[in-house]
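Undergrad: need coordinates for the following:
(chains A, B and C)
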Amino acid sequence: MIRIYRRLHRFFGPQHWWPGDTPLEIAVGAILTQNTSWANASRAVSALKEHRLLSIASLERIPERRLARLIRSSGYFNQKAARLKAFVRYVRVRHSGRMSVMKRKGWAPLREELLSINGIGPETADSILLYALNKPVFVVDAYTRRVLARHSFVAPDATYEELQRFFLKRLPADARLFNDYHAQIVALGKEFCRPTKPQCEECPLRKVGRLCLEPSGAGKG
DNA sequence: CACCAGGCAAGTA
DNA sequence: TACTTGCATGGT
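TA: As a prediction, this is how the structure comes out:
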């Protein structure tokens, strides 16, 4: 799979993810972008930044209702306000209210803790681990499943854990590699692997020995 | 107008 | 275990 990464990197160039200046900002962005375009989530992050709310203490202090109003543009704002509250409460209680304290722990116990928070599932947990805390965890998302399934690397109904193991088994545990690899897959998915339209003609993975299947599942070259 | 976007949890059978 | 539904905005 490292060959595929090099191919993507050559095609798209470095992606320098995650947009965000601090670990907390990245974690907040990970929650706000759940099933939501980054453009919409990013506006909500900017609103929080303008109101100087990007700290554990201020996010704990602000009333949930007001928080929900500020993050309106990211959609699901009532749920996401509750999820942000749950996350910052967890950081305060378990890590002295500091993301830097979280960094000292290994990724495996951290992952269990994150998954136990209501509103943090596998993708959000792994995004926080990789992009905010620099842990060598591979992030799987809708693009990853679609790209890998269409190129017949995995079954279309592969679980999150299966997709994650697929990469972990074939790559060195390198956070910087995982970081840019995931970003490359998203770049590929956005341009060549749309949900409905087949757009495989110029796909940079066309010649790696796998087919690119149409959305229907019918074979394609 | 329909569909999509860097998911997750709770409910039902 | 295996589906289904609610959550909600903004762009194409």
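Undergrad: where exactly do the strands run in chain A?
TA: For chain A, strands defined by DSSP state E do not occur.
Undergrad: quick check: buried residues in stretch A:43-62?
TA: A:Arg43, A:Ala44, A:Val45, A:Ala47, A:Leu48, A:Leu53, A:Leu54, A:Ile56, A:Leu59, A:Ile62 (16 or more other CB atoms under 10 Å). Heads up, the C-betas are built off the backbone N, CA and C, glycines and all.
Undergrad: is DNA strand B contacted by that stretch?
TA: No: figure legend: stretch A:43-62 not in contact with DNA strand B (CB under 7 Å from any atom of the strand); closest approach 10.7 Å.
Undergrad: of all residues in chain A, which one is closest to DNA strand B?
TA: Per CB to the nearest atom of the strand, A:Gly121 is where chain A lies closest to DNA strand B, at 2.2 Å.
Undergrad: OK, contacts around that residue?
TA: A:Leu115 (CB atoms under 8 Å, 6 or more residues apart in numbering).
Undergrad: relative to A:Tyr160, how far out is it?
TA: Distance, A:Gly121 to A:Tyr160, by CB to CB, to the nearest Å: 8 Å.
Undergrad: now do A:Arg83
TA: Plainly put, A:Arg83 is 18 Å away from A:Tyr160 if you go by CB to CB.
Undergrad: the more surrounded of those two?
TA: A:Arg83 (20 against 15; other CB atoms under 10 Å).
Undergrad: for that one, give me its contacts.
TA: Taking CB under 8 Å, 6+ apart, we find A:Arg83 in contact with A:Ile31, A:Ile117, A:Asn118, A:Gly119, A:Ile120.
Undergrad: need the contact list for the residue nearest the centre of chain A.
TA: Of all residues in chain A, the one closest to the mean position by CA atoms, centre = their mean is A:Ser127, 4.3 Å from it. A:Ser127 makes contact with A:Trp18, A:Ile26, A:Ala30, A:Val139, according to CB under 8 Å, 6+ apart.
Undergrad: again, only using 7 Å
TA: Listed by CB atoms under 7 Å, 6 or more residues apart in numbering, the contact partners of A:Ser127 are A:Ala30, A:Val139.
Undergrad: same check, this time on the one 3 residues further on
TA: Under the criterion of CB under 7 Å, 6+ apart, the contact partners of A:Leu130 comprise A:Val137, A:Val139, A:Ala175, A:Phe178, A:Asn179.
Undergrad: now A:Ala187
TA: With contacts defined as CB under 7 Å, 6+ apart, A:Ala187 is in contact with A:Phe12, A:Gln15.
Undergrad: again, 8 Å this time
TA: Counting by CB under 8 Å, 6+ apart, A:Ala187 has contacts A:Leu8, A:Phe12, A:Gln15.
Undergrad: quick one on the thing from earlier: drop anything exposed from the contacts of A:Arg83.
TA: Neighbour-count burial (16+ other CB under 10 Å) is assigned, among the contacts of A:Arg83, to A:Ile31, A:Ile117, A:Gly119, A:Ile120.
Undergrad: surely the last one and A:Leu114 touch.
TA: Okay, so that is A:Ile120. Yes: using CB atoms under 8 Å, A:Ile120 is in contact with A:Leu114, at 5.0 Å.
Undergrad: shared neighbours of those two, which are they?
TA: A:Ile128.
Undergrad: by neighbours, which of the contacts of A:Ala187 wins?
TA: A:Leu8 leads those on contacts (other CB under 10 Å) with 21 neighbours.
Undergrad: sounds good, over and out.
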